[in-house]
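Novice: Whatever this is, show me its structure:
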Amino acid sequence: MTDGASSAGSRGGFLPPAQLRALSGMELLEGLRDGRYAPPPIAVLLGYTLAEVRKGEAVFTCVPRFEHYNPIGSVHGGLAGVLLDSAMSCAAQTHLAAGQGYTTLEYRVHLVRGMTEATGLVRAEGTSVHVGRRTATAEGRIVDAAGKLYAHGTTTCLIFDM
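Specialist: This next block holds a predicted model:
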């Protein structure tokens with residue numbers, strides 16, 4: 001499960017730079033989805049998982065829990081931001097060749113309704129819109145099992161050679 005991962009195990013991990021550069025975006029994401037590589041530490045901390053990945057699409061799942069609550073008694077909007085940033089940017093990442101990386105330049109999140117512990121499993125679904133030489137854009141949605149919308153957003157990512 002932790003082939004080449006640093007700080008692996010229940011803490012999560014990440015690949016050494018040389019191994020990371022040798023993988024295309026799809027190869028890395030498929031390895032994360034299939035458990036060949038340790039999940040990133042933030043995914044372990046917040047309890048979300050890469051559930052699906054296809055060219056131009058990435059889906060993360062999460063069950064909102066008490067630990068995600070803000071002081072006013074609902075799930076903090078930052079969870080939606082993290083889930084959408086992950087889904088949208090990884091949708092763009094599926095197009096990257098070995099030796100290419102990316103970083104999020106900006107993302108915008110529209111919170112439509114609040115999540116609670118009672119919400120159950122949510123899906124953050126990201127879809128690439130445009131992938132060029134230096135920038136990529138994507139859009140995303142967070143929905144529950146019944147398809148009810150909780151948040152949606154857009155992102156722009158910067159593509160670079162690693």
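
Novice: residue contacts, residue 24?
Specialist: 96, 97, 98 (CB atoms under 8 Å, 6 or more residues apart in numbering). From N, CA and C alone the C-beta is placed, and that goes for glycine too.

Novice: where's it relative to residue 94, distance?
Specialist: Applying CB to CB, to the nearest Å, the value for residue 24 to residue 94 is 9 Å.

Novice: about what we covered before: mind checking which of the contacts of residue 24 are buried?
Specialist: residue 96 (16 or more other CB atoms under 10 Å).

Novice: Just send the contacts of residue 24 back as a markdown table, with distance to residue 78 too.
Specialist: Putting the contacts of residue 24 into a markdown table (distance: CB to CB, whole Å) gives the following:
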| residue | distance to residue 78 |
| --- | --- |
| 96 | 26 |
| 97 | 32 |
| 98 | 32 |
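
Novice: Reformat the contacts of residue 24 as TSV; add pLDDT.
Specialist: TSV is the format used below for the contacts of residue 24 (pLDDT from 0 to 100):
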residue	pLDDT
96	98
97	98
98	98
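
Novice: What backbone torsions are found at the most far-flung residue of the chain relative to its centre?
Specialist: Among the C-alpha atoms of the chain, the one farthest from their average position, using CA atoms, centre = their mean, is that of residue 72, at 26.1 Å. Backbone torsions for residue 72, taken as degrees, to the nearest 10, come to phi -100, psi 10.

Novice: which parts of stretch 101-120 are buried?
Specialist: Within stretch 101-120, the residues scored as buried using 16+ other CB under 10 Å are 101, 102, 104, 107, 109, 114, 115, 119.

Novice: Quick check: bridge partners of the second one?
Specialist: With DSSP bridges applied, residue 102 shows beta-bridge pairing to residue 159.

Novice: Helices of the chain, start to end?
Specialist: 17-21, 25-34, 41-46, 77-93 (DSSP state H).

Novice: looking at those helices, which is buried most?
Specialist: Highest mean neighbour count among these (mean count of other CB atoms under 10 Å): helix 77-93, with a mean of 24.

Novice: show me where pLDDT drops low in this structure?
Specialist: 1-10 (pLDDT under 70).

Novice: Now with 90, please.
Specialist: Applying pLDDT under 90 to the chain flags residues 1-14.

Novice: show me what contacts the residue nearest in space to the middle of the chain?
Specialist: Nearest residue to the geometric centre of the chain (CA atoms, centre = their mean): residue 86, 2.1 Å. When contacts are counted by CB under 8 Å, 6+ apart, residue 86 touches 43, 48, 50, 58, 60, 124, 126.
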